[in-house]
Structure formats: C-alpha cells, structure tokens
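Chemist: pasted the sequence and its predicted model underneath.
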Amino acid sequence: MKSYRKELWFDTPSRIAFLNITPQIETCLLESGVREGLVLVNAMHITASVFINDDESGLHRDFESWLEQLAPHAPLGRYQHNRTGEDNGDSHLKRQVMGREVVVAITEGRLDFGPWEQIFYGEFDGKRKKRVLVKIIGE
C-alpha cells in the first residue's frame, strides 16, 4: 500500500473566505500515484474548515451570511473565549458547524465525486498562514 502526505498552506486576505482546493488535491493525487484508495483532507487549525459542496458564489455568500447569523463576530464580549485576549470565539463555532475534514474515495486515479461536488477550505479567522493536511493511502 502507498502512503502520501503533503501540507497545503493558505493565507487569506480576509477574515472569512471559501477557497476551492480541488485542483490542489487532484495534483496531490497525481503525485501520490494512488489509483484506488482514500484521500483525507484535514484543516490543521481550529478556526478553519474543510468541506465538500458546490462551487457556486451565491451559495458561498449564503454560507457566510448563515454562519454570521449563527455565530456573529460582534459584539466580542458575547464569547467567554474572547476573555482570554482572543477575538475569534465565533470562528471556533463556525468551524464546528462546517467541519474539520473530508474523506473522498479514489477510483481509477480520480476523486470519486457526486455531481457538482468540490473540496473547499473554509477560513473563519484569516489574515495569517494556516495549513491543511492531505493524506492519501491506497494502491
């Protein structure tokens, strides 16, 4: 069985962002040489997310609006976490809703997606470097 590991780094200019990282994952898959197996894509920071959905800008704006309604950034005093000197209590909650990781089947050397599915990096406390782990195992 083959095993492949790579870290992808992101530094978004905005506090909240959704980046389609499917092309980077496909490149990792090619580099791995795995034709049948699984890929794990994992946000390695507690205020970021990896998820699968449609690459449609209106949907992404809906995500941002919905998440802000669920866990508004301001006022900062609403979150006990912010009493530690942080200002990102909302970002932790947004990550919890959107998820930490995805696992995708690899079939015949390709990501085995349903219609419209793509892999996204969700950033909820941006303006600094964060990483995503890509782990591929298989034959």
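Modeler: That came through fine. Numbers count the residues shown, from 1 in each chain.
Chemist: how about the strands in the protein?
Modeler: Along the chain, counting by DSSP state E, strands occupy 2-10, 17-20, 37-43, 48-53, 101-107, 110-111, 118-123, 130-138.
Chemist: most tightly surrounded among the ones you listed?
Modeler: Burial of the strands of the chain is given as mean neighbour count (mean count of other Cβ atoms under 10 Å); strand 118-123 ranks first at a mean of 23. Glycine gets a C-beta too; all of them are placed from N, C-alpha and C.
Chemist: any idea which residue sits dead centre in the protein?
Modeler: V50 (2.0 Å; Cα atoms, centre = their mean).
Chemist: check the gap between it and G77 for me.
Modeler: 30 Å (Cβ to Cβ, to the nearest Å).
Chemist: with G85 instead?
Modeler: Taking Cβ to Cβ, one finds G85 at 13 Å from G77.
Chemist: which of those two has more residues huddled nearby?
Modeler: G77 (9 against 6; other Cβ atoms under 10 Å).
Chemist: do you know the pLDDT at that one?
Modeler: With respect to pLDDT, G77 scores 93.
Chemist: for T12, same thing?
Modeler: Value for T12, per-residue pLDDT: 97.
Chemist: from A17, how far out is the residue nearest to it when sequence neighbours are not counted?
Modeler: Nearest residue to T12 in three dimensions, chain neighbours excluded: G126, at 3.8 Å (Cβ to Cβ, 6 or more residues apart in numbering). In this view, G126 and A17 are 6 Å apart by Cβ to Cβ.
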